[in-house]
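Undergrad: Next come a sequence and a model predicted from it.
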Amino acid sequence: MILSFHPCYETDSNRLCAGRDPDEKDLAAIVAADAVILPQGCRETLYRMVRQNCPHVFPDYDARFQYPGKTGQARLFQALGAPHPRTWVFDDIKHFQRCGAGVHEVGFPLVFKLDWGGEGETVFLLRSQSDLEQALIKAAVYEQSGQRGFVIQARIAESNRTLRVAVIGQTQAAYWRIQDDPGVFGTGLATGARIDTQSDPVLRQTVLALTRSFCQQTRINLAGFDFIFDRSGPAESDLKPLFLEINYFFGRTGLGGSVRFYKMLQAEIDNWLVGLGLAGSRSSMTRANKEMR
């Protein structure tokens, strides 16, 4: 029996757990299932319950919950030796006060990232000591509400574009996000960046291979990886890809929109079930998702 908690993926048994922790009825359904499909936004409590009581779960979020937030991602990159910008990880302001002296060895500009947030809304360019002090004040304010942790990174000079690699099951799709305005920091679409799916195909293939290797180590099978490039020499071929962050919630514009994303997601879940020998329980899209076609 296949159990789905995903509102857009119908199987033998379907349940919703949005906005709440799982209960005893959810547990009973999970125990009876051969495989469980979860939504991108599932709570850690639901994921842990599924992992402890069912042998097969999609997506695999072990890395997401073992290494949470931007601080966790930085530690994951460090643990696996994945190439990434020079990074300092701080659990809170007191941690920075004890261990933050090394940040000043690099000099400005630096990049300051709070532990949460997307589309660059909690990422700040630090051009001076004054900027750093203001960022620390902001982090201290958030700590009062229970949100803590941040990373500081060396800024990569060639940073007007990043490469997003969307991983959906065994499928990977790569596209550039390019910021043409030199006065704007960040390459998110919310800051006016544009999408480019054609440039530098060789470099894209290099990054796809790097992503594939990383996912084999971590078993991540649903996420958007962002890469930035460090120029180690004068030629374009000297660009070195660096892991920037992992987005377990990622935009769909670069994939062609939500309709195409859901088609890709359904196909990959179907293929995953086939690989488990559960092809007879393949899904059908919900009516709402069909109407999006």
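TA: Structure received.

Undergrad: got a list of what the residue nearest the centre of the chain touches?
TA: Among the residues of the chain, residue 247 comes closest to the average C-alpha position under CA atoms, centre = their mean, at 1.6 Å. For residue 247, the contacting residues are 118, 223-226, by CB atoms under 8 Å, 6 or more residues apart in numbering. Using the backbone N, CA and C atoms, a C-beta is placed for each residue, glycine as well.

Undergrad: Find the helix or strand that the closest residue to residue 244 other than its chain neighbours is a member of.
TA: In space, and not counting its chain neighbours, residue 244 is closest to residue 226: 4.2 Å by CB to CB, 6 or more residues apart in numbering. If you go by DSSP states H and E, residue 226 is part of strand 222-231.

Undergrad: Strands of the stretch 1-150 of the chain, start to end?
TA: 2-4, 13-14, 35-37, 57-58, 87-90, 110-114, 123-126, 150-154 (DSSP state E, counting those that start in this stretch).

Undergrad: that older thread, quick one: residues contacting the residue nearest to residue 244.
TA: 162-164, 243-247.

Undergrad: Equivalent analysis for residue 131, please.
TA: 108, 112, 124-125.

Undergrad: quick check, nearest of the residues you listed to residue 100?
TA: Nearest to residue 100 among these is residue 112, at 11.6 Å by CB to CB.

Undergrad: re the thing from before, quick check: beta-bridge partners of the residue nearest to residue 244?
TA: Residue 226 has these beta-bridge partners by DSSP bridges: residue 164, residue 245.

Undergrad: Distance check, it against residue 166.
TA: Distance of residue 226 to residue 166, computed by CB to CB, to the nearest Å: 10 Å.

Undergrad: What of residue 90?
TA: Separation of residue 90 from residue 166 (CB to CB) stands at 29 Å.

Undergrad: cool, and residue 102?
TA: Residue 102 sits 34 Å away from residue 166, going by CB to CB.

Undergrad: Repeat that for residue 81.
TA: In terms of CB to CB, residue 81 sits 24 Å off from residue 166.

Undergrad: neighbour-wise, which of the two wins?
TA: Shown here are residue 81 and residue 166; by other CB atoms under 10 Å, residue 166 has more neighbours (22 against 8).

Undergrad: where does the more buried one fall, helix, sheet strand or coil?
TA: Assigned with DSSP: H, G, I helix; E, B strand; the rest coil, residue 166 falls in the strand class.

Undergrad: Would you agree it is in contact with residue 172?
TA: Yes - with contact defined as CB atoms under 8 Å, residue 166 reaches residue 172; the gap is 7.0 Å.

Undergrad: re earlier: buried residues, the strand holding residue 226. List them.
TA: By neighbour count with 16 or more other CB atoms under 10 Å, strand 222-231 contains the buried residues 222-230.

Undergrad: ok, now stretch 23-36?
TA: So for stretch 23-36, counting by 16+ other CB under 10 Å, buried means 26, 29-30, 33-36.

Undergrad: okay, stretch 50-68 in PDB with CA atoms only?
TA: Provided in PDB are the C-alpha atoms of stretch 50-68 (Å, rounded to 0.1, in the frame of the first residue of the first chain):
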ATOM      1  CA  VAL A  50       7.700   8.200   8.600                       C
ATOM      2  CA  ARG A  51      11.400   7.400   8.700                       C
ATOM      3  CA  GLN A  52      11.000   5.400  11.900                       C
ATOM      4  CA  ASN A  53       8.000   3.400  10.700                       C
ATOM      5  CA  CYS A  54       8.200   2.900   6.900                       C
ATOM      6  CA  PRO A  55      11.100   1.600   4.900                       C
ATOM      7  CA  HIS A  56      10.600   3.900   1.900                       C
ATOM      8  CA  VAL A  57       9.900   7.600   1.800                       C
ATOM      9  CA  PHE A  58      10.000  10.300  -0.900                       C
ATOM     10  CA  PRO A  59      11.600  12.800  -0.700                       C
ATOM     11  CA  ASP A  60      14.600  11.900   1.300                       C
ATOM     12  CA  TYR A  61      15.000  14.700   3.900                       C
ATOM     13  CA  ASP A  62      17.600  13.200   6.200                       C
ATOM     14  CA  ALA A  63      20.200  15.800   5.300                       C
ATOM     15  CA  ARG A  64      17.600  18.600   5.500                       C
ATOM     16  CA  PHE A  65      16.700  17.800   9.100                       C
ATOM     17  CA  GLN A  66      20.200  16.700  10.200                       C
ATOM     18  CA  TYR A  67      21.800  19.800   8.900                       C
ATOM     19  CA  PRO A  68      19.000  22.500   9.200                       C
END
